[in-house]
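> need a 3D model of the following:
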Amino acid sequence: MKVSLVIPIYNEMHSIEELCNEIHEVMETHSIEAEIILVDDGSTDESWKEIEKIVSLKSCVQAIRFRRNFGKAAALSAGSSLATGTILITMDADLQDDPVEIPCFLQAMEKGIDVVSGWKQNRKDPWHKVWPSKVFNRLVSMLTGVVLHDHNCGMKAYRSEVFQEIELYGELHRFVPVLAYARGFRVGEIPIRHRAREHGESKYGTSRFIKGFLDLLTVKFLTGFGHRPQHFLGTAGLLGVAMGGAGLVYLAFCWFSGERPIGTRPLLQYSIAALLLGSQVITIGFLAELIISHQGRQEGRFSVAEQISSKTMHSSDGIQQGKEHHNPA
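Take a look at the predicted model:
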């Protein structure tokens, strides 16, 4: 089992070398074949010089440098495209993730889990980051059905097939377990040790939670209605049409019963607006269905876990029989 460690880096010049040394020590201690992929996400300090020095000294390390800061999702996507391991482990470069936990992730994956997320039980961060994060994690678990204590944890392990099937963009990196679960992968978590930051400063502010909530709504729509948008848009449109139609029927009844005029009633304007809006939403749903239909991207509609045929089964039986014939004892 070869492990590829993908590490996004943004202004972490003081911690890169120490992190790589810790990872190398863990790999040697546990006899794990591994490669380290460092992705410099447009750092403005001396991070790239440190990376160049590390690459020149360690043959298991390779690196990518972005022209500017593109975000963590882009860094993970670029790093995973270079990975050759069957297992991908992502972790932050600020030394808060402890490489000692790597064997624990591998043990969890040996039990058949496809995505293992870290859970920082004793988090070494200020309270104004910890408590909003707890609220966010509960909200994500409630809306997506993927119950994890720490969706934001940067230390996670994946089977290589996960990144082959999921396209990351924007800031969807924190929702990879959710996206993987929607495609049928098995998701779990393990508690890990979290260390206090020693160098640099946090790259996330209050805007992170606003963006995270908007991304959550996007992920909820993609995982629930990504290939059937009319189920969502059509439902909302039919509700608007029903409300508008009911209002117009009521006004028509009032007119025929002699309760006139009806043109000055606000209900008339509201009913017409609801009817038109509902019709437009349904039309948008049909257009979305047409776009998905004409794209024809079959890889986005299902996920294959295994493939067998009678030929492969007979071939494997023949190989086994040949081995038994060769060793009659």
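> now the residue nearest the centre of the chain: closest residue in space that isn't a chain neighbour?
For the chain, V176 is the residue whose C-alpha lies nearest the centre (CA atoms, centre = their mean; 1.6 Å). Leaving aside its sequence neighbours, V176 sits nearest to I166 (CB to CB, 6 or more residues apart in numbering; 6.4 Å). Quick note: C-beta positions are derived from backbone N, CA and C, even for glycine.
> and that neighbour, what does it touch?
176, 179-180, 183 (CB atoms under 8 Å, 6 or more residues apart in numbering).
> run the last query once more with 7 Å
Counting by CB atoms under 7 Å, 6 or more residues apart in numbering, I166 touches 176, 179-180.
> same list, those residues, but as JSON lines with secondary structure and distance to C104 please.
Below are the contacts of I166 laid out as JSON lines (DSSP: H, G, I helix; E, B strand; the rest coil; distance: CB to CB, whole Å):
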{"residue": "V176", "secondary structure": "helix", "distance to C104": "19"}
{"residue": "L179", "secondary structure": "helix", "distance to C104": "23"}
{"residue": "A180", "secondary structure": "helix", "distance to C104": "19"}
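> please tabulate the residues you listed in JSON lines, including the columns pLDDT.
Putting these into JSON lines (pLDDT from 0 to 100) gives the following:
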{"residue": "V176", "pLDDT": "90"}
{"residue": "L179", "pLDDT": "89"}
{"residue": "A180", "pLDDT": "90"}
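> from the residues you listed, pick the one nearest A246.
L179 (39.0 Å; CB to CB).
> residues near A78, how many?
If you count neighbours by other CB atoms under 10 Å, A78 ends up with 18.
> ok, it - contacts?
By CB under 7 Å, 6+ apart, A78 lies in contact with 39, 64.
> where do the helices sit along the stretch 1-150 of the chain?
All helices of the stretch 1-150 of the chain, identified by DSSP state H, counting those that start in this stretch, fall at 16-29, 47-57, 72-82, 102-109, 127-144.
> check which residues of the third one are buried.
If I follow you right, that is helix 72-82. 72-80 (16 or more other CB atoms under 10 Å).
> again, but for stretch 133-146
Buried-residue list, stretch 133-146, by 16+ other CB under 10 Å: 133, 136-137, 140, 144, 146.
> output that stretch in PDB with nothing but the alpha carbons.
Output for stretch 133-146, consisting of C-alpha atoms alone and laid out as PDB, is shown next (Å, rounded to 0.1, in the frame of the first residue of the first chain):
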ATOM      1  CA  SER A 133     -17.100  25.500  14.000                       C
ATOM      2  CA  LYS A 134     -19.100  23.200  16.200                       C
ATOM      3  CA  VAL A 135     -22.300  24.900  15.100                       C
ATOM      4  CA  PHE A 136     -21.300  24.600  11.500                       C
ATOM      5  CA  ASN A 137     -20.400  20.900  11.900                       C
ATOM      6  CA  ARG A 138     -23.800  20.200  13.400                       C
ATOM      7  CA  LEU A 139     -25.500  22.100  10.600                       C
ATOM      8  CA  VAL A 140     -23.600  20.200   7.900                       C
ATOM      9  CA  SER A 141     -24.400  16.800   9.600                       C
ATOM     10  CA  MET A 142     -28.100  17.700   9.900                       C
ATOM     11  CA  LEU A 143     -28.500  18.900   6.300                       C
ATOM     12  CA  THR A 144     -26.400  16.300   4.500                       C
ATOM     13  CA  GLY A 145     -26.900  13.200   6.600                       C
ATOM     14  CA  VAL A 146     -23.100  12.700   6.900                       C
END
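> quick one: contacts of it?
By CB under 7 Å, 6+ apart, stretch 133-146 touches 147-152, 177-178, 181, 187, 209, 212, 216, 219-220, 223.
> spatially nearest residue to L267, not counting backbone neighbours?
G247 (5.3 Å).
> quick one: residues contacting that neighbour.
267, 270-271, 274.
> with L19 instead?
93, 95.
> then G85?
Applying CB under 7 Å, 6+ apart, the residues contacting G85 are 2-4, 35, 160.
> closest to V116 out of the contacts of stretch 133-146?
V187 (8.0 Å).
> what's the burial count for the closest one?
20.
> for it, give the beta-bridge partners.
Applying DSSP bridges to V187 gives these bridge partners: V115.
> kind regards, and thank you for your time.
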